[in-house]
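This is the structure alone, sequence omitted:
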């Protein structure tokens, strides 16, 4: 096989509602994009139900009933966001190490053991 035939990478489209990282060539950039995406989603699914529950408690003059309901919704929604983030992370390409890189890593591990 020629080099051009082996270096071709096919990309699959992202599932509906999810975006693939801009730079699939750089694993570090892909990680930061995925982490940032998960962070803003977690902020929304945690803050909106809890703040909404506090506002409903103020409006109906109840003692934190709606805030605790909002907390439960936030816990369930954050678990769903984290599940989706893990599924997306599992679809990221894993970089392949060359034999020289493997030897360097093995040498570093051996030096750390001493």
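That came through, no problem. Quick caveat: nothing in here was measured; it's all calculated off a predicted structure.

For the rest of this, base every contact and every neighbour count on C-alpha atoms.
Fine.

ok, so what distance separates the residue nearest to the spatial centre of the chain from residue 75?
The structure's the chain has its C-alpha centroid closest to residue 85; by C-alpha atoms, centre = their mean the separation is 3.7 Å. In this view, residue 85 and residue 75 are 15 Å apart by C-alpha to C-alpha, to the nearest Å.

hey, which helix is longest across the protein?
Longest helix in the chain by number of residues (criterion: DSSP state H): helix 27-60.

starting at the chain centroid, how far to that helix?
13 Å (C-alpha atoms, centre = their mean, to the nearest Å).

show me where pLDDT drops low in the protein?
1-25 (pLDDT under 70).

Show me which positions of the longest helix of the chain end up buried.
For helix 27-60, burial by neighbour count (16 or more other C-alpha atoms under 10 Å) applies to 30-31, 33-34, 37-38, 41-42, 45-46, 49-50, 52-54, 56-57.

Mind giving me the packing neighbours of it?
helix 65-90 (3 or more C-alpha pairs under 8 Å, 6 or more residues apart in numbering; DSSP states H and E).

Beyond the helix it packs on, next helix or strand please.
Next helix or strand after helix 65-90 toward the C-terminus (DSSP states H and E): helix 99-113.

What is that following helix packed up against?
On a contact count with 3+ C-alpha pairs under 8 Å, 6+ apart, helix 99-113 meets no helix or strand.

related to what we said a few turns ago, quick one: work out the angle between the longest helix of the chain and helix 65-90.
Compare the direction of helix 27-60 with that of helix 65-90 by axes from the mean of the first three to the mean of the last three C-alpha atoms, to 10 degrees and you get 170 degrees.
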